[in-house]
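J.: Sequence first, predicted coordinates after that:
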There are 2 protein chains.
Amino acid sequence: MADHHTVGRQFVDYYYQAFDANRAGLAPLYRDMSMLTFEGQPTTGGKDIVEKLTSLPFRQVRHVVSTCDAQPGSPNGSILVTVTGQLLIDEETQPQFFTQTFHLYPENGSFFVYNDVFRLVLGM
Amino acid sequence: MADHHTVGRQFVDYYYQAFDANRAGLAPLYRDMSMLTFEGQPTTGGKDIVEKLTSLPFRQVRHVVSTCDAQPGSPNGSILVTVTGQLLIDEETQPQFFTQTFHLYPENGSFFVYNDVFRLVLGM
C-alpha cells in the first residue's frame, strides 16, 4: 500500500476535484459513522453530510491547495491529513483562506472519511 | 469522562498556556510514538518534538485561539482537535494566522498527543 503522504495527497486532489465539479459525487467517500464539522456545525452520517455540502450557498467554487500534511493516524492504518488553501467562490476575486482536516480510515484496500473538519481562516 | 468538546478545549487552553510560558513543560504531553509535523517538517518521539519546539527561533510567543473544533477520532476514545488562531511573536505587532491539529489518545484517564500538525496560514 502507498505511504501516508501519497495517499493523503491523492485523496485531497480527488476530493477537491469532486467537490468543485459535483458535490453530490462525494457521497461514496463517507459512511454512516462519518463526522463533519463545518464552520463549527456538526453533522453525522454520509447522507446528511452530503446534504450539508450540496446545500452550501454558492454555485461555483474552486479549492486551491497550499499545503497538505499527512501522518499515520493510528496503528490500524488510518491516515490524518491536514490541508491549508484558498477558496475561490462564484465571481469573487478575493480568495478566502481555509483549513481542513480529514481522518481517513482503511476499508477494503481503500479509504473513507471518518473525521472531516472545515474552517475558514479569518481576520486579515 | 468529559465529552470530546470539553476535553478538546481544556487541552488546547492548557497546551498554549504551557507553550507560551515554558515550551519544555510540554514534554509530558508526548510519547515515543508521538508525531509532529511543523511547517511540513516531520519529527517523531516526545524528546525530539520538545527539542524542536524549544529550538524555534523566537523568545516570546502568544497563541490566541479563534476556533476550536473537536470530534471523537476513533471508537477507542481518541479525540481529534483542530484549532485556528493567531500567533503574536516577540515584538511583532502584526499577528500571524495558524492552524493546528491534535489527535489525543486516552491513557490512564488522561490523554497524550499522538498526532500534532502545525501550519502558518499565509498569503494575504
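T.: Cool, the structure landed.
J.: I'd like the average pLDDT over stretch A:12-27.
T.: Here stretch A:12-27 scores 96 as its mean pLDDT.
J.: That stretch and chain B, any residue contact?
T.: No - Stretch A:12-27 does not reach chain B (CB under 8 Å from any CB of the partner chain); its nearest approach is 13.5 Å. Yep, even glycine has a C-beta here, placed from its N, CA and C like the rest.
J.: if we look at that stretch, which residues are touching it?
T.: A:29, A:46-47, A:50, A:53-54, A:56, A:60-63, A:65, A:68, A:81, A:83, A:102 (CB atoms under 8 Å, 6 or more residues apart in numbering or on different chains).
J.: how far does that stretch sit from the chain's center?
T.: 9 Å (CA atoms, centre = their mean, to the nearest Å).
J.: thinking again about what came up before, inside helices: which ones of the contacts of stretch A:12-27?
T.: Counting by DSSP state H, the contacts of stretch A:12-27 place A:G46, A:K47, A:V50, A:L53, A:T54 in helices.
J.: which residue packs closest to the last one, ignoring adjacent ones?
T.: Just to be clear, that refers to A:T54. A:R23 (4.7 Å; CB to CB, 6 or more residues apart in numbering or on different chains).
J.: how distant is stretch A:6-25 from the center of its chain?
T.: That offset, for stretch A:6-25, works out to 7 Å (CA atoms, centre = their mean).
J.: how many other residues sit next to the residue nearest to A:T54?
T.: The local packing of A:R23 (other CB atoms under 10 Å in any protein chain shown) involves 17 other residues.
J.: Counting neighbours, which of the contacts of stretch A:12-27 comes out on top?
T.: The residue in the contacts of stretch A:12-27 with the most neighbours, by other CB under 10 Å, is A:V81 (27 neighbours).
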